[in-house]
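Asks: this one's sequence-less:
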């Protein structure tokens, strides 16, 4: 007898058995807490039946199984009459034959008789009901095994414990939510869901699949695994046929049991499912409780697999309907051993749990061993076997069920499968009648052998006689009378959203009011109509926001130049109307065409953490993850791979982070001979050991093979795409993070439409998660220092920053394609990222400097305004005062710069300032200013385009005969004379961006494979090139005091072009495209200058900026020769092009 009070958390196999054996030893104060009364719905043992056997490779478990078998067979035990000895066939395939042989050898050593291999033919001869082919099956027969109705067995033992004085507390009062500790770590009790506090001298966790919700270390020690359960109802005449078949356990497919007294055959999948993406403890696989999800059932994929399994054994049952399905969850250890030991680092807290899908058979005796542990009497061999192992898996461990696990979120058809009004219980198609058969059965009642619940619809015979129908197929009355049992077929009721009905009504009204258009399809989308109404283009009614792509801009230049030169190949204005119709080069991945199995690889640990540091330096302008959690999980992934290996979303995000970091790390260093006048820096040392994920060698990067090499990090990226699996019905913030990361890397591949798709999905999921709405304030004080309050503050800021990152990605990629952003508004009262006063210093470690993300978000909004102004409001030909429209945008851009904090405010007349180079966020600040200057270029480059168009028209007019000569004085409007300061301001922005990019290259912070670097280079070079033709010395002299000019443009152009060419040479596909576009710009400028010299008088008034500087003498060889030799590099015109997508030009 003991006076110690014992609190047992969990009423499954371990908890019930322990409570019974403690009561047998005289413990008088034993309390069992569980959410449900015995047998607990959340217990893996609450099932129709379970296997009872002693076949194990480990002799300790064989010994324990034989001891339990004696209790099962003892006619005087509380389990009298429950055990059915049918024999057991263990079946293996290629992955499990070694385990099977180990089990056979152990049986031989322990003297167990009759254990032998059987061929498929022997099995069919012994059990004629087994008619399948058993393809590639290796079968081991063990006669001394059977099954027991597991739910009834647990109930009997719980009732016996109650008779001995054990208290069972259920419902919210027994639903333990957390444990209670004193300051020294002593566990003194537990707190239930209703607030009830339970205290005891000893606390024993027998919480199985839910253990990780209660103790921290369990997150690496135990994972919840689900085995899907399905039940087939046999006809009365079939029960006799199948009653003698053995249990068949195919380690790689599933288990089938003989029929029970009610004619029900249970099947259990051996292909386990995890639950890492849960709403309670994300990142840990925990129980998917029947209390929270009472109507969920078996996933459709597993049902299909189990029908294949049945067809290989008993083909005639393969297409039978399942009258019930459920998910059976158990705690699983990596080594499949139980944990019966003190909980580490705490006092008075013990664990007896982790059945690992094989604990039920030990129900009669396992509690005795737990009691020995509590009394300090457990033998050392058992202490070693069941000790806490911190997630470690012993060397040489063999898993008898090695089929790769899948997460519940990856599977379909299980959610609300048995909900009322949804076809009730699972349906299947009958191959005989081609009708849907719906059968109802309540699993809890079948588990206990009770009467079946009544079906909501009576069969036709019972309905005709006005008598009660039991509801099965056939029902009890029809079965007794031997007549056919049919149920009426009712129309299925479908829930239709009211919005769908309103849309149908709207379309019908539109068809009535617009009969001419009704045959053409549905009415156009209102948003698109609104966008079309805003557009004043006379050429087309495009649904685009305005195509500012590089391709579109060069197309407009070609259209302008074609008016001046008949030999120049004209291109139709409609050739490039949107980027979706334009051709550009992109990297083709194996992922586009193949669907290989997921094989996850990580680089060596030092290299991975080096890349993480690189990522946080180069991509800290956005919020892609919580920093501290991400770093801790990466440590955990290397320390204990098994603890994180099943979270596909986590592995996906890690892969893209490594990919982005490697692309920048590998591409930011200049080559040994860079040709840019900058100091050379060596590449980082080669890192070996991560196979095909390693960065490409210099030789691979510089090869001239037909297929350009993929950018660094592409191996990680393709791995991430294979891992990406998003539950669209239950998205998480982590899904949004993954999509943002993937969209970012897509630009390195120049896969712009792919980036648009991922970014669009990201913003949509962010809205579904209401990330654009302020997070509710926690119940307790926002300044509280409790873990709950701290997490609430961090989570609120995290959600807000993820939203703004998605917002920026959406705006960034949509404007590059000339499409409207998917999210028009900025949020429902959501503020910009801020250094919230609510955040404690340690909480701020989760985030980067908020001012970087805030500045980017503001720039995205400003860029939208610029694009809208250029495409919809700026009409240079028609407007009398277009400069007023431009000045309003210029003022906003200037105010943005003026509002920057002091540590972020710099000028770039001489390149990147030395003080900025010293900052850890040099690259991010440079990126901000590149985008800022790009907005100036995008806004003002239409002035260059108008000027070049007028210049070509004048040249064309000069070649016309005098009889048809048209006056050329009015080709440029009067206000053009006052536009020179704006043109020079655009030129100044181009110069600054060119200097910034050259300096980034020099200091080793350039993204050589980056799309945006290529784009900004092209934009700058195009303006510098066009300025040769459109800016004359007298214009410069008149504006010298207002806007500074630069006499070093030729050298700047040469170096910037060299950088773009280098980017194209190493495999940057966007840079290659921009080089081709730049060549077109240079060709037009060269022809324009050549014709100007031939037709104009030599004089200062007709000389351009480059002519003043003696450009033909400065450039050796000449400008045209440089184009042929490809000394200059690609430039970034993409933003420049967007602004002129809707504008018409003369000629």
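Replies: Noted; the coordinates are in hand. This one's a predicted model, so the numbers in the text were calculated from it and none came from an experiment. Numbers count the residues shown, from 1 in each chain.
Asks: check which helices and strands the longest strand belonging to the chain is in contact with.
Replies: Across the chain, the strand with the greatest residue count (assigned by DSSP state E) is strand 223-233. Applying 3 or more C-beta pairs under 8 Å, 6 or more residues apart in numbering; DSSP states H and E, we find strand 223-233 packed against strand 264-269, strand 273-274, helix 300-313, strand 324-332. Bear in mind the C-beta positions are built from the backbone N, C-alpha and C, glycine included.
Asks: hey, which helix is longest across the chain?
Replies: Ranked by residue count and defined by DSSP state H, the top helix of the chain is helix 922-959.
Asks: for the residue nearest to residue 626 when sequence neighbours are not counted, give its distance to residue 921.
Replies: Once flanking residues are discounted, residue 626 sits nearest to residue 846: 4.5 Å by C-beta to C-beta, 6 or more residues apart in numbering. According to C-beta to C-beta, to the nearest Å, residue 846 and residue 921 sit 17 Å apart.
Asks: can you pull up the most central residue in this structure?
Replies: The C-alpha lying nearest the average C-alpha coordinate of the chain belongs to residue 735 (C-alpha atoms, centre = their mean; 3.8 Å).
Asks: now the helices for the stretch 651-800 of the chain?
Replies: For the stretch 651-800 of the chain, the helices defined by DSSP state H, counting those that start in this stretch cover 698-701, 714-723, 733-746, 752-768, 787-816.
Asks: nearest to residue 664, of the ones you listed?
Replies: helix 733-746 (10.7 Å; C-beta to C-beta).
Asks: next one: that closest one to chain centre, how far?
Replies: 7 Å (C-alpha atoms, centre = their mean, to the nearest Å).
Asks: quick check: mean pLDDT of that helix?
Replies: Regarding helix 733-746, the rounded mean pLDDT is 94.
Asks: can you list the buried residues in it?
Replies: For helix 733-746, the neighbour count (16 or more other C-beta atoms under 10 Å) marks 733-746 as buried.
Asks: helices or strands next to it in the packing?
Replies: By 3+ C-beta pairs under 8 Å, 6+ apart, helix 733-746 packs against helix 648-667, helix 714-723, helix 752-768, helix 787-816.
Asks: burial-wise, tell me which of those helices comes out on top.
Replies: Of all those, helix 648-667 has the most neighbours on average by mean count of other C-beta atoms under 10 Å, namely a mean of 26.
Asks: leaving out chain neighbours, which residue sits closest to the residue nearest to the centre of the chain?
Replies: Closest residue to residue 735 apart from its sequence neighbours, by C-beta to C-beta, 6+ apart: residue 726 at 4.8 Å.
Asks: how many residues are close by that neighbour?
Replies: 21 (other C-beta atoms under 10 Å).
Asks: please name the residues that touch it.
Replies: Residues near residue 726 by C-beta atoms under 8 Å, 6 or more residues apart in numbering: 649, 735, 738-739, 761, 765.
Asks: minimum distance to residue 1026: which of the helices and strands packed on helix 733-746 has it?
Replies: helix 787-816 (21.2 Å).
Asks: quick one: the closest one to helix 733-746, angle?
Replies: In terms of direction (axes from the mean of the first three to the mean of the last three C-alpha atoms, to 10 degrees), helix 787-816 departs from helix 733-746 by 30 degrees.
Asks: helix or strand right after helix 787-816?
Replies: helix 850-868 (DSSP states H and E).
Asks: name the next helix or strand following that following helix along the chain.
Replies: Counting by DSSP H and E, what follows helix 850-868 is helix 882-898.
Asks: what's the mean pLDDT across the next helix or strand after that next one?
Replies: Using DSSP H and E, the helix or strand that follows helix 882-898 in sequence is helix 914-917. Across helix 914-917, pLDDT averages out at 91.
Asks: hmm, who's touching helix 914-917?
Replies: So helix 914-917 is contacted by 906, 922, 925-926, 999, 1003 (C-beta under 8 Å, 6+ apart).
Asks: hmm, try it at 7 Å
Replies: With C-beta atoms under 7 Å, 6 or more residues apart in numbering as the test, helix 914-917 has contacts from 906, 922, 925, 1003.
Asks: give the buried residues for it.
Replies: Result for helix 914-917 [16+ other C-beta under 10 Å]: buried residues residue 916.
Asks: gap between that helix and the chain center?
Replies: 37 Å.
Asks: could you do stretch 291-307 as well?
Replies: 23 Å.
Asks: ok, now how distant is residue 739 from residue 651?
Replies: 15 Å.
Asks: just checking, residue 1020 touches residue 990?
Replies: Yes. Using C-beta atoms under 7 Å, residue 1020 is in contact with residue 990, at 4.1 Å.
Asks: can you count the residues close to the residue lying closest to residue 33 once chain neighbours are set aside?
Replies: Distance criterion C-beta to C-beta, 6+ apart; nearest residue to residue 33, sequence neighbours excluded, is residue 174 at 4.3 Å. Neighbourhood size, residue 174 [other C-beta under 10 Å]: 26.
Asks: same deal with residue 1091?
Replies: Residue 1091: 19 neighbours (other C-beta under 10 Å).
Asks: the one helix or strand it maps to - contacts with which helices or strands?
Replies: Using DSSP H and E, residue 1091 sits in helix 1069-1095. Counting by 3 or more C-beta pairs under 7 Å, 6 or more residues apart in numbering; DSSP states H and E, the packing neighbours recorded for helix 1069-1095 are helix 550-562, helix 922-959, helix 1011-1030, helix 1049-1065, helix 1119-1125.
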